[in-house]
Structures are given as C-alpha cells and as structure tokens.
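>>> here you go, sequence then predicted model.
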Amino acid sequence: MEAGGPSKSGTISLPMQVFLLVIRSLTTLLRTPEALLPPIAISIFFLVIYQSTLGKAASFIPGIGGSYLGFILPLSIVSGSLSGSGIAAQNLVRDIERGYFDKLLLTPVRRAALLLAPILAGAVILGLQAAIVVSVGLLLGLKPVTGLPGLLAVIGLGVLLGIGFAGFTVSAALGSGSAAATQGASFLFFPLTFLAPTFVPLSLLSGWLEVAAKVNPITYVLEAMRSLLNTGWDAKAIGTSILACLILAAAMYALAAFALSVRVRRS
Amino acid sequence: MSDREIVVEELVKTYPGKVKAVQGVDFRVEAGRIFGFLGPNGAGKSTTIKILTTLALPTSGRVTVGGYDVVSQATQVRRVAGVALQDVGIDPLMKSMELLVLQGRLYGASKTDATARARELLELVQLSDAVSRRAGTYSGGMRRRLDLAMALVHQPKILFLDEPTTGLDPASRRDIWREVRRLNRELGITIFLTTQYLEEADELADNVAIIVGGKIVAEGSPARLKASMGEESINLVFDSPDLAEKGRQTLDRMGDRIQLDRDTVRLYLSKAAGSIPAVINQLQGAGLAPISLTLTQPTLDDVFLQVTGQRLVASEVIQTKSNRAPRRAEAK
C-alpha cells in the first residue's frame, strides 16, 4: 500500500470537517431537486398571490409605510426560511436511517461538525431561496428604499432566521431518527408566522396576539426587513432582529446538541 | 504484538428487561489471525461485535482491541479498527469515490492522498468500473465491497465484519471471501467475523467459536473441531422416512453415533469405508435396501449439531434429536 494514508494526528481541523460535510450535504441536496423546488415555488406563489389580492386594498391600512409589496415580501422570505429549514434535516434523517450517520460517528469527526454541517448547508439553500424570492419581487415592481445593500441585508436576515429553524428541525431529526417526525417538526413553526405582524403592522395587533407577537423572533425580522425595503436603514430594528435570531439559533443549537448526545450515548 | 490482538474476558451483556444477550464469553484473537463467531440469529454475535467496535457498552467483563479498552479508550479503538456491519451504511446519492475520499479526509489525509487511497481501495475490491455511478445503483454484493473499502480507508490493523455475506449470491460471497483472505494474507490484518454460514467459518477462519444463547459452546480451528467429532459417516437415503426409521433401528449399534434426518440415516464410525459391506448385510437381513449410499468426511455442520443438538440453518434454528428419540427434522 503505497498511497498516503491518514495524517499523523489522524484528523483535520473542525472548520475543515464542517466544510467537507457541508459540501457533501449540498452535493446530495442538489441531486434531489424535487426536494428543493417546492419550498421555492411556494414562496413565489404566495408572494404573487398576496401582492395581487391584497396589494391595492392594503394602501388603506395605516402604518404600512410604503408599498405593500415591500411589506409582504418579507413574509414570503420568512415562510421560505421555515419550509426550507426542513430540507437539511431530511438529509440528516436519511443518513440516520441508512446507517451512514453511524459510520460518520466512528470516524474522528467532531460532534460540533455533525451539528453545524446540516444547519449551515440549510443556510446556504435558504440564502439561494431568498435571493430567488427577492428577484421575483423586483420583477413584480419592488423598489427597495435601501437599494442593493438593503436587499442583501434582507437576504442575510432570512438566512439568520432560517439557521434557528434549522437547528430545531435538526434536533427533531436527531431525536426521532424518523423522516415523518422531522417533517412534522418543520410544520410546528408554521403557526409562528401568524403570531406576528404578518398581514398588518404591529401597531394594529392587540390583546394576546400582541403579546405573542412581541416574544416572537419573526416579528422583529419582519419589521427589520420591512424597514429596509420601505423606509430606510433602521439600526434599532436591524439590531433587534439580529439579536432575536441569534438567541433563537443559540437555543436551537443547544437543543440539537442535546439530541445528539442522547443519540450517541452508548448503552 | 498486542496492537493487533483482541482479548475478551468474561464478557456479559444484559439488556434492560433482563435480556441476557451475552453470558460470560471469553476468547482471544491473536495478531494476524481470522477468528469466526458462528451461530444462529439471536445467539449474541451482533451484540458481541457491537461491544468490540465500541458501539455498545458491556455490562461487565473486560474487552481490549489492539491493546485499548473498549470502554475507556473508545477513540483509540476506533482508530485501529475497521468496521463493516450487517446494515451497509452508505449514502445512496453519493458516488463511491466521493464516499471514500470524504472518509479519508475525515481521517486527516490530504485531498490528493485521499483520492489516491480511494482509487487503490476500489481496485482492491474490484469496483473500479463503477466509480462514476451513485452507490444507490449498486447491487448488494457491490455495496458490501464498497463497505469493506470504507472500513479500510484508515489502514486499520483489526477488521470487524458482521455477517459479511448474508443475503449475497454465491458468486459475490466468493468474491468477498477472496478479498478477506487477501487482506489477511497480504496486509496481516487481524479479522473478527460473525457468520451464520458454516461454510464461511470453515473457509475463512483460523479459529472458530460456536456461540448459542449467549455462550461459547465450542472453540477451536475448523480442522480440530471436525477431527474431535471423530468420524466419517455413511449416509443412507431410503425411499421414505418410515423406511429410514427402520434402517436406523437396524443399524443402531453398529457405529458410534447414528442420526435420522427425514429419509436419510447417517451412521458415524471410524474406518467407514471398510464397514460398508457389514452395513449392507445388516440392512439386507432386515429386508431394507437404501436408494443411495455415500461416504462423507466430518463437517462443521456435524460439529454444530453434535455440540448444540441443533442444525444450523441460516436465519433459522431447527430442533433435531439424534440417537434415541426418533423425531424427524422439519427441514434442512
């Protein structure tokens, strides 16, 4: 056996491990286009529907602050973040069901890499998805007040939010090892999109809905995205939304780490 | 030397609900040998191999692989051991090169080295032609060979194979056997394999341990085990099980042991060839004429039957009683 074998240390750095596993995830994801297209199609569909049905009527709602398209496009991106977050988790579940995950566990790969890889692969997919939705918005006549940088920030926020959701679906995948349960978990966050200033501004929500909206990270992301598209750079809104996303991501990552430790615990 | 050895001392594994999967197993696999665990489903083979490969913990006992303790030094064990389990764990959407290169890189090889090693391994397991196809398109035999290649990426000193040819067609089985023998002969890899095929244990293993109900009931080289069962046998096939039963009764005291298996009587005795005339005479005297008579050397099948009172049928264990109680076997 002449060819070189493993390195002397027998493994590679964590970032490199994550990178290799993310590339692998993306490669296999792109080989199942039937899994990628529906979330994108749904996002575009809803965007077009909301704009055509509510667009003209919405000009009567106070507090929209500009075009309704700019108001509603963030919802499309957020919905995309939700439905797309399940994709990487489905990949993970497939690995678990096929036994490939167990094989990876026997290698020197670090646990953090096993968690970060599906989450980050999902983030890449979400970014692409958000970019497509934004492009469609531009075609429909969106005129973002903050221009291209603002659009990139909107996409960035969508990805950041999606990372949190991906952490949750990855937890479900690791905890259940079942594709059906993971799919179900993706839908659990769905109601969250409506406990927010989804169709109308926050100021018009009252009672329990207002309370729920105020603790919902989606609220802050929607507001930040809307300000970027309709009013201008709002540091407070953007800062709050980033914080909300980071808190969500950290909490979900912790949950995923717990689910992984239960799964790998030897008995 | 101990870096290629497996030592198991008083291994016990009890699952919740008091299920005793392994009840005090002891054995030692010396460097560079092939050791076979032979037994039916549920005997404790898979449980044992999971413990040896650090996928499960023993309830008690001491297990070292390559000199490392499987409980406290699992990471080191995983570095020196290669594992190919019964459920071939590959991603069907990936191509074989991709799987092998990723595996190599995770173990620290550079992309160039990992690619070269992957090519080498694919050549070794004769999968070079299927390189550009996704693993999901491979046949069962091809997947097993790919699994074997994956287990070898990090140049392990000890290889664990859990039922390596179960479910494969005869040609694929022979391919795998050839690869296993070659790995052992050319690379000196110590191999621990579990199997429910007598033939496989006979073909591959330097030493065999027969495990039933979580305990080792016999151990030794195939040759020694067969020799210890003593004898050759004269096999007589009759027209019907009833006639065979009559034949059994007639010949009962002629050899060391006698077995009835549906329409076949097997008479175990030494210097069998010389006893054929006497056997025929005895049968003629009782008005019996067998439709065929053959002489066979002892096989592991006999060893298994002798030691466990059961015939080992892949994925089934059938109860057979020999000698006194003339109960017929359901199937062979």
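Right, received. Where do you want to start? Numbers count the residues shown, from 1 in each chain, chains lettered A, B, ... in the order given.
>>> going forward, measure contacts between C-alpha atoms and count neighbours the same way
Noted.
>>> from what I can see residue A:252 touches residue A:162, true?
No. Counting by C-alpha atoms under 8 Å, residue A:252 sits too far from residue A:162 to count as a contact (11.0 Å).
>>> settle it for me: which of the two has more neighbours?
The neighbour comparison of residue A:252 against residue A:162 (other C-alpha atoms under 10 Å in any protein chain shown) goes to residue A:162, with 33 against 21.
>>> C-terminal to the helix or strand hosting residue B:47, what's the next element?
Residue B:47 is located in helix B:45-52, with elements delineated by DSSP states H and E. Downstream of helix B:45-52, the first helix or strand assigned by DSSP H and E is strand B:60-65.
>>> mind listing what's buried in that next one?
Neighbour counts over strand B:60-65 (16 or more other C-alpha atoms under 10 Å in any protein chain shown) mark B:62, B:63, B:64, B:65 as buried.
>>> pull the distance from that strand to the chain's centre.
In terms of C-alpha atoms, centre = their mean, to the nearest Å, the centre of strand B:60-65 is set 22 Å apart from its chain centre.
>>> what sits against the residue minimising distance to the centre of chain A?
Nearest residue to the geometric centre of chain A (C-alpha atoms, centre = their mean): residue A:162, 1.5 Å. Residue A:162 makes contact with A:78, A:81, A:82, A:84, A:85, A:122, A:123, A:126 under the criterion C-alpha atoms under 8 Å, 6 or more residues apart in numbering or on different chains.
>>> tell me the helices and strands packed up against the helix or strand of chain A with the lowest mean pLDDT.
Within chain A, no helix or strand scores below helix A:33-58, which has a mean of 78 by mean pLDDT, DSSP states H and E. Counting contacts by 3 or more C-alpha pairs under 8 Å, 6 or more residues apart in numbering or on different chains; DSSP states H and E, helix A:33-58 is packed against helix A:14-30, helix A:68-98, helix A:111-139.
>>> where in the stretch 201-332 of chain B is pLDDT low?
Scanning the stretch 201-332 of chain B for pLDDT under 70 picks out the ranges B:229-231, B:314-332.
>>> strands of that one, start to end?
B:207-212, B:215-220, B:232-237, B:257-261, B:264-269, B:292-296, B:310-313, B:316-319 (DSSP state E, counting those that start in this stretch).
>>> possible to save those strands as a markdown table with mean neighbour count?
Listed next are the strands of the stretch 201-332 of chain B as a markdown table, based on neighbours: other C-alpha atoms under 10 Å in any protein chain shown:
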| stretch | mean neighbour count |
| --- | --- |
| strand B:207-212 | 24 |
| strand B:215-220 | 18 |
| strand B:232-237 | 22 |
| strand B:257-261 | 22 |
| strand B:264-269 | 24 |
| strand B:292-296 | 14 |
| strand B:310-313 | 21 |
| strand B:316-319 | 15 |
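>>> is it true that residue B:266 touches residue B:255?
No. Residue B:266 lies out of contact with residue B:255 (C-alpha under 8 Å); the separation is 9.8 Å.
>>> what are the boundaries of the helices in the stretch 1-150 of chain B?
Ranges of helices within the stretch 1-150 of chain B are B:45-52, B:74-80, B:96-106, B:111-124, B:140-152, based on DSSP state H, counting those that start in this stretch.
>>> tell me which of those helices lies nearest to residue A:205.
helix B:96-106 (51.6 Å; C-alpha to C-alpha).
>>> which residues are contacting that closest one?
Contacts of helix B:96-106 (C-alpha under 8 Å, 6+ apart): A:5-6, A:11-12, A:17, A:20, A:107-109, B:90-91, B:111, B:114-115, B:117-119, B:130-135, B:146, B:149-150, B:153-154.
>>> any of those residues buried? List them.
Listed as buried from those are A:5-6, A:11-12, A:17, A:20, A:107-109, B:90-91, B:114-115, B:117-119, B:130, B:134-135, B:146, B:149-150, B:153-154; burial here means 16+ other C-alpha under 10 Å.
>>> roughly how far apart are residue A:131 and residue A:146?
Remark: distance between residue A:131 and residue A:146 (C-alpha to C-alpha, to the nearest Å) = 16 Å.
>>> apologies, that question was intended for residue B:148.
Distance of residue B:148 to residue A:146, computed by C-alpha to C-alpha: 57 Å.
>>> with neighbour numbers in mind, choose between these two.
Neighbour count, other C-alpha under 10 Å: between residue B:148 and residue A:146, residue B:148 has more, with 27 against 17.
>>> quick one: contacts for the closest residue to that one other than its chain neighbours?
Leaving aside its chain neighbours, residue B:148 sits nearest to residue B:84 (6.0 Å; criterion: C-alpha to C-alpha, 6 or more residues apart in numbering or on different chains). Taking C-alpha under 8 Å, 6+ apart, we find residue B:84 in contact with B:147, B:148, B:151, B:159, B:160, B:161, B:162, B:164.
>>> can you name the next helix or strand after the helix ranked longest in chain B?
In terms of residue count, the longest helix belonging to chain B (DSSP state H) is helix B:170-187. Counting by DSSP H and E, the element after helix B:170-187 in chain order, helix or strand, is strand B:190-195.
>>> export that next one to PDB, keeping only CA atoms.
Output in PDB follows, covering the C-alpha atoms of strand B:190-195 (Å, rounded to 0.1, in the frame of the first residue of the first chain):
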ATOM      1  CA  THR B 190      -6.500  -9.400  12.200                       C
ATOM      2  CA  ILE B 191     -10.000 -10.200  11.300                       C
ATOM      3  CA  PHE B 192     -13.000 -10.900  13.600                       C
ATOM      4  CA  LEU B 193     -16.100 -12.000  11.700                       C
ATOM      5  CA  THR B 194     -19.500 -13.200  12.700                       C
ATOM      6  CA  THR B 195     -21.400 -15.600  10.500                       C
END
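>>> for that strand, packing partners?
Looks like strand B:190-195 contacts strand B:34-38, helix B:45-52, strand B:158-162 (3+ C-alpha pairs under 8 Å, 6+ apart).
>>> and those: which comes nearest chain A?
helix B:45-52 (9.6 Å; C-alpha to the nearest C-alpha).
>>> report the mean confidence score over that closest one.
In this model, helix B:45-52 carries a mean pLDDT of 93.
>>> is that helix anywhere near chain A?
No. Using C-alpha under 8 Å from any C-alpha of the partner chain, helix B:45-52 never reaches chain A; the gap is at least 9.6 Å.
>>> how about the CA coordinates for that helix, as PDB?
Coordinates of each C-alpha in helix B:45-52 appear next as PDB, following Å, rounded to 0.1, in the frame of the first residue of the first chain:
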ATOM      1  CA  LYS B  45     -23.000 -12.500  17.700                       C
ATOM      2  CA  SER B  46     -24.100  -9.000  16.800                       C
ATOM      3  CA  THR B  47     -24.200  -7.900  20.400                       C
ATOM      4  CA  THR B  48     -20.600  -9.000  20.800                       C
ATOM      5  CA  ILE B  49     -19.400  -7.300  17.700                       C
ATOM      6  CA  LYS B  50     -21.100  -4.100  18.700                       C
ATOM      7  CA  ILE B  51     -19.300  -4.100  22.000                       C
ATOM      8  CA  LEU B  52     -16.000  -4.900  20.300                       C
END
